[in-house]
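In: Pasting the sequence and the predicted model now:
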Amino acid sequence: MRVLILGGTAEARDLAARLVDRPGLSVISSLAGRVADPRLPVGEVRIGGFGGADGLARWLDTHPVDVLVDATHPYAARIRTAAVTAAAQVGVPHLRLERPGWTARPGDRWHRVPDVAAAVRELPALGRRVLLTTGRQSLAAFRPSTGLWILARVVDAPDEPLPQHIRLLRSRGPYTLAGELELIRTHRLDVVVTKDSGGRLTEAKLDAARQLGLPVLMIDRPVPAVHPTTVSGVDEAVDWVSALPVQPG
């Protein structure tokens, strides 16, 4: 049985590690290639896009693939939609592995917005010195926010130079509470902007904001048009794959 994991997340890497040595399984992980130096999973890896739903369907059909597991980032809406369409076209079992979002705790000052555009509009009312952790692809939306000072933490630098009010910090988690507290205090930050990515690797910024009483502008996850079979943990994904009948030949 040949399993394609659409990856790029910690959960995808964990799933590949759990499946790669299982008898009767052949596992390949696919990364979009948007990060210059990605953390690679064990086993076979391909890097690059497929060319939309039709391109992914052709790839599934020609290699061929028996099982598709979409374990991409919660905000990777385009590949998520393509996976739904392609799996239906080719007729392969399709699972969505998506970690749960964060849950507000007592003391949190979260302000939820539906998208990046709404975050740009709401941000000036919440603070002036910003920790922005929404990824390099969203940086362009904050270019007009010249009345703010923004510390944008990203893995890779954007292709275009940034305006003076946006300072770049290249970094990759996991982060600690002590480190996040020091970062916020050193730069006198008074508001945090983040996506509701979930997981432990980057949660410390929320702990730090809670401890310091800072507001957090939380961008909600996109709502998919179609909901495939979905699990929230790697154990469940392993069980799902293991329960599938072995394909003949």
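Out: Structure received.

In: Endpoints of stretch 66-75, how far apart?
Out: Between the opening and closing residues of stretch 66-75 we find a distance of 25 Å, counting by CA to CA, to the nearest Å.

In: what is the mean pLDDT for that stretch?
Out: Averaged across stretch 66-75, the pLDDT comes to 94.

In: Provide a list of residues in contact with the residue most central in space within the chain.
Out: Nearest to the geometric centre of the chain sits His73, at 2.8 Å (CA atoms, centre = their mean). For His73, the set of contacting residues under the criterion of CB atoms under 8 Å, 6 or more residues apart in numbering consists of 8-9, 197. Placement of C-beta: from N, CA and C, glycine included.

In: Apply 10 Å and report the result again.
Out: For His73, the contacting residues are 7-9, 11-12, 32, 34, 79-80, 98-99, 135, 195, 197-198, 221, taking CB atoms under 10 Å, 6 or more residues apart in numbering as the criterion.

In: Need the nearest residue in space to Glu236, chain neighbours excluded.
Out: Computed as CB to CB, 6 or more residues apart in numbering, the closest residue to Glu236 that is not its neighbour in sequence is Leu97, at 7.9 Å.

In: Could you do Ala16 as well?
Out: Skipping the residues right next to it in sequence, Ala16 comes nearest to Pro41 by CB to CB, 6+ apart, at 3.9 Å.

In: Which element, helix or strand, includes the one you found?
Out: When elements are assigned from DSSP states H and E, Pro41 belongs to no helix and no strand.

In: isn't it right up against Val27?
Out: Yes - judged on CB atoms under 10 Å, Pro41 makes contact with Val27 at a distance of 8.6 Å.

In: residues bridging contact with these two, i.e. touching both?
Out: Listed contacts common to Pro41 and Val27 are 5, 15-17, 20; contacts here mean CB under 10 Å, 6+ apart.

In: ok, of those residues, which come out buried?
Out: 5, 15-16, 20 (16 or more other CB atoms under 10 Å).

In: Could you measure from the residue nearest to Ala16 over to Ala17?
Out: For Pro41, the distance to Ala17 equals 7 Å [CB to CB, to the nearest Å].

In: repeat for Glu44
Out: Plainly put, Glu44 is 13 Å away from Ala17 if you go by CB to CB.

In: now swap in Val3 and tell me
Out: 13 Å.

In: Between the two, which contacts overlap?
Out: 27, 43.

In: can you pull out the helices in the protein?
Out: Counting by DSSP state H, the segments of the chain that form helices are 10-19, 52-62, 77-90, 116-122, 177-186, 204-212, 234-242.

In: nearest to Gly147, of the ones you listed?
Out: Nearest to Gly147 among the helices of the chain is helix 116-122; the distance by CB to CB comes to 11.7 Å.

In: can you list contacts of the closest one?
Out: Under the criterion CB under 10 Å, 6+ apart, residues 75, 111-113, 126, 132, 134-135, 137-145, 148, 193-195, 215, 217-220 lie in contact with helix 116-122.

In: Tell me where the model's unsure across the chain.
Out: Counting by pLDDT under 70, the chain shows low-confidence ranges at 36, 225, 246-249.

In: redo that, cut-off 50
Out: Judged against pLDDT under 50, the low-scoring parts of the chain cover residues 249.

In: how about the strands in it?
Out: Counting by DSSP state E, residue ranges of the strands within the chain are 2-6, 26-31, 44-47, 67-70, 94-97, 109-113, 129-132, 149-154, 166-170, 191-195, 215-219, 229-231.

In: Great, nothing more from me.
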